[in-house]
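Visitor: Here's my sequence, what's the structure:
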Amino acid sequence: MSGDVLWLHEYEMSALSSVLEKQGTTVEKRMQEMLIGLYAELVPHEEQQEIRSRLYAECAAEQTAEEAARKYTAFCVRENDKISFYQLDRTEDILEVAKFLRRYLRQGQGHGAAALQTSAFARMDPVTEEQYERLLALRMESPGKVTGVFDLDFDRQEVSSADVAEGWNTWSMQDVSNAIYHAYRKSCLRPEQYTARFLEKLESKELTSPGHLSARDISFAEEITEIDSLLNFMAETYFDVDKVFGTHVCTCENDDALNVYANYDCASGQVCDELEVDLHRADGREESVEYRLNAVEKATLLRKMDVYCLEQTGTSLKDYIAQLMAEEIMPPSAPLM
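Guide: The predicted model follows:
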């Protein structure tokens, strides 16, 4: 047989394969081993190193390109006082989540978490809480990468969606179901038109939910104070603090009061992980209420702090901190003689 192809007659190849099979190998494996040995023997070591580096660089570039092209959606699912976290390696938006909720509510039976995993989101992968938190932070930093984060609370019958501009948006599952029905009553619309119709139907139906503070919940009052490299912002409490913090102050049954503060750590350049929540009892007792912030709430607070700092001081938060630090390191003026 002419040409560049190595060749054995089929009878010869069959015999060779039979012998090698008894030895626990194959023609392909033996040929590969011989080819690798020949390459190692004849190609100079320096050239092998150059080729190895080139192949590694090409492989790394391919992996980087693949990762850059990947999109993620994250889910937190709460049901029967149990919390689970999931990652979906593709883009999903609130409309698809709303369609699922409508089907689920109309069926009126079964567990929500199980229904979610047998729906259009069936290929979700379980992740740890730490991995979910990273996806939550990445949602705020790179919304083109993590295109959606959804918290489905089947116990409260609430759904929350992380929005880069608004922070968390929370609605009742029933309101979301009704909104998606009205959004698609008219056909042949562009995708953005369905989204607009859906959100329009949900206007003024947002809920205040623990762990899901939104931009509309956050506002500040009083002066910004600085203590031990912490900037202290006093939060106004126009939202339902009892629902968020588990207190009982929005009532005529007692004279308890609540003060809420958000702190910014100048040293780390970050919003502190917890709100400072002080409960003042009518009998004079004081208690601290724990409230840990997630990445969406911290990002929303940071934007609000920056705007409030500009209003109060005429400078951005970053510039205001730089001024404070410059004043601290500036040596005192020499006395006049």
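Visitor: what is the rounded mean pLDDT of the strand or helix carrying Ser17?
Guide: Applying DSSP states H and E as the criterion places Ser17 in helix 10-22. Averaged across helix 10-22, pLDDT comes to 93.
Visitor: same for the helix or strand following that helix, what does it pack against?
Guide: Toward the C-terminus, helix 10-22 is succeeded by helix 27-42 as the next helix or strand (DSSP H and E). Secondary-structure packing of helix 27-42 (3 or more CB pairs under 8 Å, 6 or more residues apart in numbering; DSSP states H and E): helix 10-22. Just so you know, the C-beta spots here come from the backbone N, C-alpha and C atoms, and that holds for glycine as well.
Visitor: which other residues reach the helix it packs on?
Guide: Leu8, Thr26, Val27, Lys29, Arg30 (CB atoms under 8 Å, 6 or more residues apart in numbering).
Visitor: and if we set it to 6 Å?
Guide: Here helix 10-22 makes contact (CB atoms under 6 Å, 6 or more residues apart in numbering) with Thr26, Val27.
Visitor: Tell me how far it lies from the chain's centre.
Guide: Distance of helix 10-22 from the chain centroid (CA atoms, centre = their mean, to the nearest Å) equals 57 Å.
Visitor: One more: stretch 9-24?
Guide: 56 Å.
Visitor: residue nearest the centroid of the chain?
Guide: Leu136 (1.5 Å; CA atoms, centre = their mean).
Visitor: For that residue, which non-adjacent residue is closest in space?
Guide: Closest residue in space to Leu136, ignoring its immediate chain neighbours: Ala295 at 4.4 Å, by CB to CB, 6 or more residues apart in numbering.
Visitor: just Asp255 next, same as before
Guide: Ala282 (3.9 Å).
Visitor: how about that neighbour, secondary structure?
Guide: Following DSSP: H, G, I helix; E, B strand; the rest coil, Ala282 is assigned to coil.
Visitor: Give me the pLDDT for it.
Guide: 88.
Visitor: and the top helix by length along the chain with helix 27-42, angle?
Guide: In the chain, with assignment by DSSP state H, the single longest helix is helix 45-69. Relative orientation of helix 45-69 versus helix 27-42 (axes from the mean of the first three to the mean of the last three CA atoms, to 10 degrees): 120 degrees.
Visitor: pLDDT averaged over helix 45-69 - what is it?
Guide: 91.
Visitor: I'd like the numbering to begin with 113 instead of 1 from here.
Guide: Okay, residue one is now 113; in that scheme the one you just asked about reads as helix 157-181.
Visitor: Next SSE downstream of that helix?
Guide: Using DSSP H and E, the first helix or strand after helix 157-181 is strand 184-191.
Visitor: roughly how far is that following strand from the heart of the chain?
Guide: Using CA atoms, centre = their mean, the offset of strand 184-191 from its chain centre is 10 Å.
Visitor: Quick check: buried residues in stretch 326-341?
Guide: Ser326, Ala327, Asp329, Ile330, Phe332, Ile336 (16 or more other CB atoms under 10 Å).
Visitor: How about stretch 143-163?
Guide: So for stretch 143-163, nothing qualifies as buried (16+ other CB under 10 Å).
Visitor: Check stretch 234-242 too.
Guide: Met236, Val239.
Visitor: CA-only coordinates of that stretch in PDB, if you can.
Guide: Taking C-alpha atoms only, stretch 234-242 is exported to PDB below (Å, rounded to 0.1, in the frame of the first residue of the first chain):
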ATOM      1  CA  ALA A 234     -33.600  20.400  36.400                       C
ATOM      2  CA  ARG A 235     -29.900  20.700  35.700                       C
ATOM      3  CA  MET A 236     -29.100  22.700  38.800                       C
ATOM      4  CA  ASP A 237     -26.100  21.600  40.800                       C
ATOM      5  CA  PRO A 238     -26.000  21.800  44.600                       C
ATOM      6  CA  VAL A 239     -23.500  24.200  46.000                       C
ATOM      7  CA  THR A 240     -22.400  25.200  49.500                       C
ATOM      8  CA  GLU A 241     -23.500  28.300  51.200                       C
ATOM      9  CA  GLU A 242     -20.000  29.800  50.800                       C
END
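Visitor: quick one on the thing from earlier: distance of the residue nearest to the centre of the chain from Lys416?
Guide: According to CB to CB, to the nearest Å, Leu248 stands 18 Å off from Lys416.
Visitor: Provide a list of residues in contact with the residue lying closest to Val408 once chain neighbours are set aside.
Guide: Spatially, and ignoring its direct neighbours in sequence, Val408 is nearest to Ala274 (4.8 Å; CB to CB, 6+ apart). Taking CB under 6 Å, 6+ apart as the criterion, Ala274 is in contact with Arg251, Val261, Val408.
Visitor: In three-state terms, label Ala274 for me.
Guide: Applying three-state DSSP: Ala274 is strand.
Visitor: got a pLDDT number for it?
Guide: 97.
Visitor: now swap in the one 5 residues further on and tell me
Guide: Looking at Gly279, its pLDDT is 95.
Visitor: Just give the number of residues close to it.
Guide: 26 (other CB atoms under 10 Å).
Visitor: go on, Thr176?
Guide: For Thr176, using other CB under 10 Å, the count is 10.
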